[in-house]
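Q: Kindly return the folded structure for what I paste below:
(one chain, ligands or ions: 2)
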Amino acid sequence: MVVGLTGGIGSGKTTVANFFRELGIPVYIADEAGKRLMLSSEEIKKEVRELFGEQAYPGDEPDRKYIASQVFNDSEKLEALNNIIHPAVAADFQRWLSRQNAPYIIYEAAILFESGGNEKCDRTILVTAPHDEKIKRLQFRDNSEIEEIEARMANQWSDEKKLKLADFQIKNTDLALTKSQVEELHEILLNSRKN
Ligand SMILES: CC(C)(COP(=O)(O)OP(=O)(O)OC[C@H]1O[C@@H](n2cnc3c(N)ncnc32)[C@H](O)[C@@H]1O)[C@@H](O)C(=O)NCCC(=O)NCCS
Ligand SMILES: Nc1ncnc2c1ncn2[C@@H]1O[C@H](COP(=O)(O)OP(=O)(O)OP(=O)(O)O)[C@@H](O)[C@H]1O
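A: Ligands and ions are numbered 1, 2, ... in the order given. As a prediction, this is how the structure comes out:
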């Protein structure tokens, strides 16, 4: 059973994914796979260079800050980048999935619903947190500018829209409460598999 896990920027997806990992559940993180593939795949490097110029890959490693500055205020360029990265991540995920042996696995992706990835999931979980809390956490973690965070948010669906499609919601405010929501959901997922 594939359980999709998503949430807006800074909502706490990775924090929640790590709680599932502590329960012994295999977790695939699409953002990390995308990063790894941008480093290892010559095909991706070539296509990204064609799209954004040499500046996107000054050497062997991508200039993520430069690419971000090009895509989050230009939805056509973002779509073109997504079209390069997402199929490669999907193939990598299928290879990973075929090696797993667990009652269910977690597939964590930032834009699961926006990209239609939810259609390949048996269940979906949305992590939510108050807007100001997300901004505070990201400023603390990454030293990000508010404008940069809001530009990414503008390219993601609202929680209201995603909640209509999600099977479960995890409200990530207090970490201890988040952990207990994960433990409860884990039991539900184990049982729903038996039905
Ligand atoms: C633009 C890139 C180079 C910026 O890299 P950077 O290290 O700054 O950010 P990172 O990848 O860690 O993402 C941080 C957050 O930004 C947001 N974000 C990233 N990609 C997207 C996207 N395509 N659409 C909307 N939001 C996005 C998410 O909330 C994500 O959690 C990178 O995000 C990227 O290659 N994105 C396109 C591919 C993609 O969709 N990746 C995510 C799922 S595979
Ligand atoms: N409940 C919480 N209370 C306080 N800090 C939190 C909480 N949940 C997450 N954080 C912190 O907020 C930051 C963002 O969390 P996390 O990285 O899990 O979010 P994310 O949704 O995966 O982020 P991104 O969208 O950038 O990939 C991290 O520094 C994390 O340690």
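
Q: which outside residues touch the longest helix anywhere in the chain?
A: In the chain, assigned by DSSP state H, the helix with the most residues is helix 75-97. Helix 75-97 is contacted from outside by 2, 28, 30, 33-34, 37-38, 41, 43-44, 47-48, 51-52, 67, 70-72, 105, 107, 111, 115, 117, 155, using CB atoms under 8 Å, 6 or more residues apart in numbering. Yep, even glycine has a C-beta here, placed from its N, CA and C like the rest.

Q: swap the cut-off to 7 Å and go again
A: 28, 30, 33-34, 37, 41, 44, 47-48, 51, 70-72, 105, 107, 115, 155 (CB atoms under 7 Å, 6 or more residues apart in numbering).

Q: Take those and keep only those in strands.
A: Under the assignment DSSP state E, the contacts of helix 75-97 contribute 28, 105, 107 to strands.

Q: give the contact list for the first one.
A: It stands for Tyr28. Tyr28 sits in contact with 93, 96, 105, 107-108, where contact means CB under 7 Å, 6+ apart.

Q: could I get the ones in strands among the contacts of helix 75-97 as CSV with distance to Ile85 and pLDDT?
A: Listed next are these as CSV, based on distance: CB to CB, whole Å; pLDDT from 0 to 100:
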residue, distance to Ile85, pLDDT
Tyr28, 15, 98
Ile105, 21, 98
Tyr107, 15, 98
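
Q: Stretch 154-166 vs ligand 2: in contact?
A: No - Stretch 154-166 is not in contact with ligand 2 by CB under 6 Å from any ligand atom; minimum separation 9.1 Å.

Q: What residues sit buried inside that stretch?
A: Applying a neighbour-count criterion of 16 or more other CB atoms under 10 Å, one finds 155-157, 159, 162, 166 buried in stretch 154-166.

Q: again with stretch 176-186
A: 178-179, 181-182, 185-186.

Q: what's the answer for stretch 42-51, then?
A: So stretch 42-51, judged by 16+ other CB under 10 Å, has buried residues 44-45, 47-48, 51.

Q: Show me the contact partners of it.
A: Contacts of stretch 42-51 (CB under 7 Å, 6+ apart): 37-38, 56-57, 62, 80-81, 84-85, 88.

Q: Which residue comes closest to Glu41 once chain neighbours are left out?
A: If you look again at residue 41, you'll see it is Ser, not Glu. Excluding its sequence neighbours, the residue lying closest to Ser41 (CB to CB, 6 or more residues apart in numbering) is Ala88, at 6.2 Å.

Q: Pop the domain breakdown of the protein in here.
A: 1-26+104-195, 31-99 (automatic domain parsing).

Q: need the residues of this structure near ligand 2, please.
A: 7, 9-15, 31, 110, 137, 141, 172-173, 175, 178.

Q: just to revisit the earlier point, need the ones in strands among the contacts of helix 75-97 in a markdown table (columns: distance to Thr128).
A: Shown next, in a markdown table, are the ones in strands among the contacts of helix 75-97 (distance: CB to CB, whole Å):
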| residue | distance to Thr128 |
| --- | --- |
| Tyr28 | 21 |
| Ile105 | 22 |
| Tyr107 | 18 |
